[in-house]
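Chemist: Sequence and predicted structure are below.
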Amino acid sequence: MNDPAIVELTYPNAQLSAGERRHQVLTAVKSPNIVVLGGFLGEDACHELIELARPRMKRSSVVHHADGVRIDETRTSSGCHFRRGEVALVADIEQRIAEITGIPLENGEGLQVLHYLPGQHYVPHWDYFPPESPSSADIVRPEKGGQRVATFIAYLNTVPLGGETEFPRAGVKVAAVQGNACFFSYLSADGALDHLTLHSGNAVIEGEKWIAVKWLREGRYPQ
């Protein structure tokens, strides 16, 4: 892959590989570019990551187009960040994401773990920073990694009801199933941002939801 910002996953025989591990492609959508993988993480790894994150959780914030980072009712989960490679499990997950996507390890932001209780949600939003937003110019400077180009979500538990990752403009819903992962990219070959990647974290109706999220940038993201 010549340009790490342009992500085109290929999967002969409906599989993607990370080292010696092969992951089944459960769903693939061309536009927007969405790939759902089965069995990305094992049950033990999911539980270990949850327990590592649990004592560090704080109310999630959002980057608002006018006000910068703030806490509001559009995103009601709690979350925490790990530095790249902070612990062995995180380093292993990050390495496998890099191998699957072809995006260099250093282009990834720190892994974020998010926790949703019943009724908690994240309203439809884009993960990239809108070019028209006054707050975006500083965030996407080249020395800060540039624009986000893709998102990788790993589901750490199975949600009995609700909690889907939904792409309302594409008519796609991804259920939260333990160990599965959802990858989507949003920068096309001509540099345009794909508005079809608008997505939500639907409200949890029954149970709770734990996910790990990795946002990937055009260039090297500083620690």
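Modeler: Cool, the structure landed. Residues are numbered from 1 along each chain as shown.
Chemist: per-residue confidence at residue 15?
Modeler: Model confidence at residue 15, expressed as pLDDT, equals 77.
Chemist: give me every residue that touches it.
Modeler: Neighbouring residues of residue 15 by C-beta atoms under 8 Å, 6 or more residues apart in numbering: 22, 23, 24, 25. From N, CA and C alone the C-beta is placed, and that goes for glycine too.
Chemist: isn't the first one right next to residue 16, touching?
Modeler: Spelled out, it's residue 22. Yes - with contacts counted by C-beta atoms under 8 Å, residue 22 reaches residue 16, the gap being 7.3 Å.
Chemist: higher neighbour count, these two?
Modeler: Using other C-beta atoms under 10 Å, the more surrounded residue of residue 22 and residue 16 is residue 16, with 23 against 12.
Chemist: Please pull up the helix or strand immediately following the helix-or-strand element of the chain with minimal mean pLDDT.
Modeler: Every helix and strand of the chain was ranked by mean pLDDT, DSSP states H and E. The lowest is strand 68-70, at a mean of 54. Next along the chain after strand 68-70, taking DSSP states H and E as the criterion, comes strand 78-81.
Chemist: Direction included, what does that following strand pair against?
Modeler: strand 58-59 (antiparallel), strand 112-116 (antiparallel) (DSSP bridges).
Chemist: Where is the longest helix in this structure?
Modeler: The single longest helix within the chain, with elements called by DSSP state H, is helix 88-101.
Chemist: Can you dump the C-alpha atoms of it in CSV for me?
Modeler: C-alpha atoms of helix 88-101 as CSV (Å, rounded to 0.1, in the frame of the first residue of the first chain):
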residue,chain,number,x,y,z
ALA,A,88,1.6,-6.2,26.3
LEU,A,89,-2.1,-6.8,25.5
VAL,A,90,-2.6,-3.4,24.0
ALA,A,91,0.6,-3.6,22.0
ASP,A,92,-0.5,-7.0,20.6
ILE,A,93,-3.9,-5.6,19.6
GLU,A,94,-2.3,-2.6,18.0
GLN,A,95,0.2,-4.7,16.0
ARG,A,96,-2.6,-6.9,14.7
ILE,A,97,-4.7,-3.9,13.6
ALA,A,98,-1.7,-2.5,11.8
GLU,A,99,-1.1,-5.9,10.0
ILE,A,100,-4.8,-6.1,9.0
THR,A,101,-5.2,-2.6,7.8
